[in-house]
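Visitor: Sequence and predicted structure, then a few things I'm wondering about:
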Amino acid sequence: MGRYVLSMGSGEQFGVPATPFYYYDIELLRRTLSTVMTEAGRYGYCVHYAMKANVEPRILGEIQRAGLGADCVSGYEVACAVENGFSPDKIVFAGVGKSDHEIRTAIEAGIFAFNCESLEELEVIDSLAAELGRSVNVALRINPDVRPETHRYISTGQAESKFGISYTEIEQALSKLPGLNHIRIVGLHFHIGSQIRNLASFGELADRVNEIAAWFEERGVELRHLNMGGGLGIDYNDPDGEPVPDFAGYFRMFHEHLRVRPGQTVHFELGRSIVAQCGELLTRVLYTKTTAGGAKFAIVDAGMTELIRPALYGAHHRIENLTAAVATGVSARPMGVYSIAGPICESSDVFVRDLEFPETYRGDLLAIRSTGAYGSIMASNYNMRPIAPSYFGDEDRSV
């Protein structure tokens, strides 16, 4: 972590901004984007960035200039994508609960396609398009009932999930289409979840898509586009060991399993795998304490307001004591067992429990790794805390 200037003090001294703050390695982001586009380009695949992962304008600028489209799950994300230079004809709009206002926003923007998630939504989009005198592209989001190896809160492709049109309702969806004159069914959309590290899950998805696509084609539905969603995971345990995820293996899995018809385009919606590893949350230790039972706590100035994932569903992030990392020789610190917690008035505001960690003191600077995705985007003002600022590696700073 030599890019940081460390100090035992606080505030802006020695070039370290007041904590907490988010730090982004722009060079790593650019390397990741280059890899994504190179590996997807081998097969002519189209990639849309999942806006829900991070909407820092600097991050979006890098992504847009790299040539990616945008995957949005709200009308507000659609507007944000357009404002940040993404071409509307490269924007797709998913989301299980699109409001009328959000649908109108997307229609008026002229986006590439809606990913439709229910039978009733088909009717609503058609009605609103008619009011605006437009015809719009729609991809049917089909729930394929594929069970990936990931946390149940971020698994979306099973039969009991709220997402997508059930495969048992496909026949009913087709029966509605002749009466919907302002939508064009241009393809199918799938997404089975996120933080999937076992690439075989994507092979299983592709095999299932082949079956579903064939069913539609047998009934005369032309599928010009297949959208396979995203979901590729990252290594939260060892971010330096795999700073850029295995995009080569990811896209190769689809190339080997997915049947693509002549003239058909294949789309992907990647978010976490693009931005997670380039971001970190920097925080200082406010206090250390030992409970009556002997548990050691380090209380830091970042909390669930800056990174809610651990409190929300027990997510793991690597945490490093940057101050201790510069200690050498006789000053090197012994190891202990610590729980690292934030200042928020909630018992769940704990980043990690019982972690083997260097002996830690008030003022130590810690880095919570892999926070480029679902970090700042999920920040809140709970306890009336201000939103933490962001800094970028190519800025004229000492961090």
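Guide: Yep, that arrived.

Visitor: Can you tell me how far residue 119 is from residue 265?
Guide: 25 Å (Cβ to Cβ, to the nearest Å). No exception for glycine: its C-beta is placed from N, CA and C like everyone else's.

Visitor: cool, residue 253 as well?
Guide: 18 Å.

Visitor: more neighbours, these two?
Guide: residue 253 (20 against 14; other Cβ atoms under 10 Å).

Visitor: Tell me if I am right that that one is in a strand.
Guide: No: read with DSSP: H, G, I helix; E, B strand; the rest coil, residue 253 is helix and lies in no strand.

Visitor: wait, what's in contact with residue 60?
Guide: For residue 60, the contacting residues are 49, 51, 80-81, 84-86, by Cβ atoms under 8 Å, 6 or more residues apart in numbering.

Visitor: same thing but at 7 Å, please
Guide: residue 84 (Cβ atoms under 7 Å, 6 or more residues apart in numbering).

Visitor: helix, strand or coil for it?
Guide: Residue 60 ends up helix, using three-state DSSP.

Visitor: again, but for the one 4 residues further on
Guide: Secondary structure assignment for residue 64 (three-state DSSP): helix.

Visitor: Not counting its neighbours along the chain, what's nearest it?
Guide: Leaving aside its chain neighbours, residue 64 sits nearest to residue 85 (4.7 Å; criterion: Cβ to Cβ, 6 or more residues apart in numbering).

Visitor: Equivalent analysis for residue 295, please.
Guide: Nearest one to residue 295, counting by Cβ to Cβ, 6+ apart, is residue 339 at 6.2 Å.

Visitor: which residues make contact with the strand or helix carrying the one you found from outside it?
Guide: Element membership for residue 339, per DSSP states H and E: strand 335-341. With contact meaning Cβ under 7 Å, 6+ apart, strand 335-341 is reached by 295-300, 319, 349-360.

Visitor: Let's see the ChimeraX selection covering just the buried ones among the residues you listed.
Guide: Here is the ChimeraX selection string for the buried members of the contacts of strand 335-341, based on 16 or more other Cβ atoms under 10 Å:
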select :296,297,298,299,300,319,349,350,351,352,357,358,359,360
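
Visitor: Can you tell me which of the contacts of strand 335-341 end up in strands?
Guide: Cross-referencing these against strands under DSSP state E gives 296-300, 319, 350-358.

Visitor: Buried residues of the longest helix along the chain, list them for me.
Guide: Secondary structure of the chain per DSSP state H: the longest helix is helix 200-218. Neighbour-count burial for helix 200-218, with 16+ other Cβ under 10 Å as criterion, is recorded at 201-206, 208-209, 212-213, 216.

Visitor: out of these, who's nearest residue 344?
Guide: residue 201 (34.7 Å; Cβ to Cβ).

Visitor: Roughly how far does that closest one sit from residue 248?
Guide: Residue 201 is 17 Å from residue 248, by Cβ to Cβ.

Visitor: same check, this time on residue 28
Guide: From residue 28 to residue 248 the distance is 17 Å (Cβ to Cβ).

Visitor: Which of these two has more residues huddled nearby?
Guide: Between residue 28 and residue 248, counted using other Cβ under 10 Å, the more crowded position is residue 28 (18 against 13).

Visitor: Please confirm that that one is located within a helix.
Guide: Yes: counting by three-state DSSP, residue 28 is part of a helix.

Visitor: dump the residue contacts of it.
Guide: 243, 277-278.

Visitor: Note down every partner strand of the lengthiest strand in the chain and its orientation.
Guide: Identified as the longest strand of the chain according to DSSP E is strand 279-290. Note on strand 279-290: by DSSP bridges, its sheet partners are strand 21-24 (antiparallel), strand 296-300 (antiparallel), strand 365-368 (antiparallel).

Visitor: next structured bit after the longest one?
Guide: If I follow you right, that is strand 296-300. Strand 296-300 is succeeded, C-terminally, by helix 309-313 (DSSP H and E).

Visitor: what about that following helix, average pLDDT?
Guide: In this model, helix 309-313 has an average pLDDT of 95.

Visitor: Alright, calling it a day.
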